[in-house]
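In: Have a look; sequence and predicted model below, questions after that.
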Amino acid sequence: MITESQLIQYIDDNSIEKIRTYFQENNVTSKYFNNFNQTLLHLVKNNASFEIIEFIVEQQYDKSNIEPLFYSIDCENYEVATVLLDSDANIKGKIFDERTPHDYCNVLEYIRDTLTEDKFDFIFKHKGKTDLVSSRFICYIIINSVKGKFYYERNGFDILRYILNYKYADHDKEERNLFIINTFFLKHYKNGYSLTNAQISQLVVEFEKHVTLSFNNNKNKWNIHPVDLAVSVNNRKLVELLLDYANKHHILLDLNHKRKKGIYPLLDTMRNGNEDILRSIFHYANEHQIILNVNDSDIYGNRPFEVSLKNNDDYMVECFLQYVDDHHINIDIEESISLLNEHNVHVLNILIDYADKHSIVLNMNTKNSEGKFPLLSACACRYSGYYIDSLFEHVNRHSILLNINDKDDDGNYPLLNATKYGNGDMVNYLFRYADEHQLMITLNDKNKEGNYPLLNAAKFGDINVVKKENRYGEYPIGCAIMHRHGHEIVKMIKDYGKSKGIPINVP
């Protein structure tokens, strides 16, 4: 007996008439050739004549033909696909997915990279069910839309919008009729009266609501659902599209779901700093009375609030604090200021306002991993006068003594930072605070770069400052000549040193 490969070769080389005769004379049946599965797939892939494909299908004992059907749809060979479906090909079946080893895919997952509206419409006009629109499939659409992987004129967002807005009920007449019959018997027949046309129309509307995609909290093999993924890739339009669908169809999403490494939507949103997505998540959660787990961390210990502080995102911090305030959620902000970076005095002010409102005492001397602390960071901002008021008011109100001479890992200290950024108001604040608390401010210490307050001040102008070199060969006199503004800071330093009897080291 010939092999299936030899049979395929014979079919390729001959007409339909000779093939029919050969099958009849040699008693060729599908049970000896693995149901002609490879034969049919070969013919479909190589655009064999419609008559030959139809003849082979007629000879099969099992006409499920999942792979040939999937391939025909993918190639937009709808004539062959229709023949296969008319012969009971299983459009709801699954085949091995070579792109994701050790996994199987349905028809939509199979054609995910080349999906078009025509292909989607063909599937659902031919017994496609909504369960084909799996969480895994939606996630593929999201990933492909971000990567720009669609080969046709429609982008991923348009494809997903088409899928979500598709009229599935129009093509599932059998299910619709069953729904109407069941409702009729439950609500009307037992009472002894028939349905009016208006009542039937209303049942059709109810059925359309009943036909809903089930991707809501179903996760794919990576334990991630579509909304989670859309948030992760930071795509506002996709997030809003999915949330709108969930709202419209009364789907309750699990916004606290954690995927691999303990990451969840709110944490992703704060990390990405996307204000629109944050508003959408808060709005959906509030609409559905979902309390978000704002204090949960991933496996690395990252939490939403801490992430927003590290990102120096004042809007995200403010929005987050408003949410926890509205829902009476306790968060630990006492040590949060240690996470602040330089130049974020606005965020510092937000934290102080929140702390004052909730009678929380902030430790303003707490240092972060680089040795930086709030006062040092505030001094690094040129226009921090408005914000520094709240800092000094907070520490004075709670009798906290600021370590005004503390240094970070690079040897920077408050006065050095204030002079570096030409912040005359801050220099004045520091001197006044030191006087009020009987403290002595460091004037001559150098940081690791060899800079010291007088040199920094000279960079903003004072031609009377004499020569002193830092590690880069810069001298106060040279800096003063180049920068003819800010001499008030130099004068303040000199006056302060004189009043305290501190010699300023200027050789």
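Out: Sure thing, it's come through. Here the structure is a predicted model, which is why all the values come from computation and not from measurement. Numbering: from 1, shown residues only.
In: and Glu393, how many neighbours?
Out: 12 (other Cβ atoms under 10 Å). Any C-beta I mention is one placed from the backbone N, CA and C, and that applies to glycine too.
In: Pretty sure it sits in a helix.
Out: Yes. If the criterion is DSSP: H, G, I helix; E, B strand; the rest coil, then Glu393 is within a helix.
In: Read off the pLDDT value for it.
Out: Turning to Glu393, the model gives it a pLDDT of 88.
In: And for Arg279?
Out: Reported pLDDT for Arg279: 96.
In: okay, and for the stretch 51-200 of the chain, where does confidence drop off?
Out: Counting by pLDDT under 70, the ranges of the stretch 51-200 of the chain that qualify are 101-102, 148-154, 169-200.
In: can you rerun that using 80?
Out: Residues of the stretch 51-200 of the chain that meet the criterion pLDDT under 80 lie in 99-102, 127-128, 145-156, 168-200.
In: What ranges does it have for its strands?
Out: For the stretch 51-200 of the chain, applying DSSP state E, counting those that start in this stretch gives strands covering 95-96, 104-105.
In: partner strands of the first one, parallel or antiparallel?
Out: What that stands for is strand 95-96. Each strand paired with strand 95-96, and its direction, by DSSP bridges: strand 104-105 (antiparallel).
In: Please list the outside residues in contact with the strand it pairs with.
Out: Contacts with strand 104-105, where a contact means Cβ atoms under 8 Å, 6 or more residues apart in numbering, come from 94-97, 136.
In: what do you get if the cut-off is 7 Å, keeping everything else the same?
Out: 94-97 (Cβ atoms under 7 Å, 6 or more residues apart in numbering).
In: Over to stretch 7-19?
Out: Contacts of stretch 7-19 (Cβ under 7 Å, 6+ apart): 22, 33, 39, 42, 49, 51-52, 55.
In: now do stretch 76-87
Out: If you take Cβ under 7 Å, 6+ apart as the criterion, stretch 76-87 is touched by 44, 50, 53-54, 57, 63, 65, 68-69, 72-73, 91, 119, 122, 126.
In: now the residues you listed: which count as buried?
Out: 44, 53-54, 57, 63, 65, 68-69, 72-73, 91, 119, 122, 126 (16 or more other Cβ atoms under 10 Å).
In: Need the residues you listed in a markdown table (columns: distance to Leu278).
Out: Converted to a markdown table, those look like this (distance: Cβ to Cβ, whole Å):
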| residue | distance to Leu278 |
| --- | --- |
| Val44 | 49 |
| Ile53 | 54 |
| Glu54 | 57 |
| Val57 | 54 |
| Lys63 | 52 |
| Asn65 | 48 |
| Pro68 | 48 |
| Leu69 | 44 |
| Ser72 | 45 |
| Ile73 | 40 |
| Ile91 | 41 |
| Lys119 | 36 |
| Phe122 | 39 |
| His126 | 42 |
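In: quick one: which of those is nearest Lys407?
Out: Lys119 (65.8 Å; Cβ to Cβ).
In: and of the contacts of stretch 7-19, the nearest to Arg432?
Out: His42 (88.8 Å).
In: now the closest one, nearest residue through space, not along the chain?
Out: Using Cβ to Cβ, 6 or more residues apart in numbering and skipping residues adjacent in sequence, the residue nearest His42 is Ile8, 5.3 Å away.
In: quick one on the thing from earlier: among the strands of the stretch 51-200 of the chain, which is the most enclosed?
Out: Of all the strands of the stretch 51-200 of the chain, strand 104-105 has the most neighbours on average by mean count of other Cβ atoms under 10 Å, namely a mean of 16.
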